[in-house]
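Engineer: sequence and predicted structure below; questions after.
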Amino acid sequence: MHPDDDIDQKLTPGQPATLSADETSPERLMGRHRAVPSPRRGVRAVLASTPVRVALATGVTCCLGATAVVAARHDDEAPPPPVTEALIDRALAAQEEAASRSLDRSPTPAPPSASPTASPTAKPSSTPKPKATKKKAPTKPPRPRPVAGLTQAQMDNAKAIVDVGVDMKIPRQGLVIAVATAMQESTLLNYASGVLPESQNYPHQAIGWDHDSVGLFQQRPSSGWGSVRDLMRPAYAARAFYEALLEVPGWQQMSLTLAAQAVQISAFPYAYAQHEERAATIVAALT
């Protein structure tokens, strides 16, 4: 309310002219016992209040903002007055500021998490196959070292005789009898027969002419010891000798000469005894 307003300076009818300054102040008129204002004075008082002015300014701003939007859509309309340009700019700036907070309303995809397991399309890692180890050829056992004045070939044949006897669980005395017998019959060499040309078709180390006798023990096929082919194999010939020895009653209580002669039926029965000591040395070296 302004003091130079004519309306404000007039006194209300019925009021005394001698009112004090306190009674005519706005605080007194707006107090508990204020007089009822006239309709014209009440409208100006309401318009002059601060809350009403703020509400009016807000409404004007909203209207101007709507006017600015309409003006932006229609370029052919007249430009707004210069007075409202600042308000329009402020309204547009406020809208842009609010819109800049979140233009994208779609949910943000979560980053792919590392899966501990392999993807379904991933090929399983192939386990490296172990390298195939080349099988080594079985090594032959070392050849026995010759003893008792034998050659390597003789020692090899003696070993074949002893191995068969050990496999048959022949007592040590029987091993010595067999080796001594072969030393007398063939000097521990595998003989073929000049009378039997077939015997020469098999591995042999010498050729004899004593009838059809062949092999380490000079066994005769005609006497039922076996075929020529079998008797030319040292292992077979040794087994045939041991089987015949086991059929001699009480052979373990006999002397070497008698036991060997009981199997061989030789024309020189006492010749076997001379090889007993060397035969024992050979068996000891091979067992």
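Structural biologist: Noted; the coordinates are in hand.

Engineer: neighbours of G174, how many?
Structural biologist: By the measure other C-beta atoms under 10 Å, the count of residues near G174 is 20. To be clear about C-beta, it is placed using only N, CA and C from the backbone, and glycine gets the same treatment.

Engineer: residues in contact with it?
Structural biologist: Taking C-beta atoms under 8 Å, 6 or more residues apart in numbering, we find G174 in contact with G165, Y242, L245, W251, Q252.

Engineer: what's near enough to touch the second one?
Structural biologist: The reference is to Y242. V164, G165, M168, I170, G174, A178.

Engineer: switch the cut-off to 6 Å
Structural biologist: Going by C-beta atoms under 6 Å, 6 or more residues apart in numbering, Y242 touches G165, M168, I170.

Engineer: can you list the weak-confidence ranges in the stretch 51-200 of the chain?
Structural biologist: Residue ranges of the stretch 51-200 of the chain with pLDDT under 70: 51-130, 132.

Engineer: just to revisit the earlier point, quick one: which of the contacts of G174 sit in helices?
Structural biologist: The helices, defined by DSSP state H, take in G165, Y242, L245 from the contacts of G174.

Engineer: which one of the residues you listed sits closest to T187?
Structural biologist: Nearest to T187 among the ones in helices among the contacts of G174 is G165, at 19.3 Å by C-beta to C-beta.

Engineer: CSV please, covering the contacts of Y242 and showing distance to K140.
Structural biologist: Shown next, in CSV, are the contacts of Y242 (distance: C-beta to C-beta, whole Å):
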residue, distance to K140
G165, 21
M168, 23
I170, 24
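
Engineer: what is the nearest of the residues you listed to G226?
Structural biologist: The closest of the contacts of Y242, once distances to G226 are taken by C-beta to C-beta, is M168, at 16.5 Å.

Engineer: and that closest one, its phi and psi?
Structural biologist: Taking degrees, to the nearest 10, you get phi -90, psi 0 for the backbone angles of M168.

Engineer: now do the contacts for it.
Structural biologist: Contacts here follow C-beta under 6 Å, 6+ apart; on that basis M168 touches Y242.

Engineer: how about the strands in the stretch 151-287 of the chain?
Structural biologist: Using DSSP state E, counting those that start in this stretch, the strands of the stretch 151-287 of the chain run over 191-193, 206-208.
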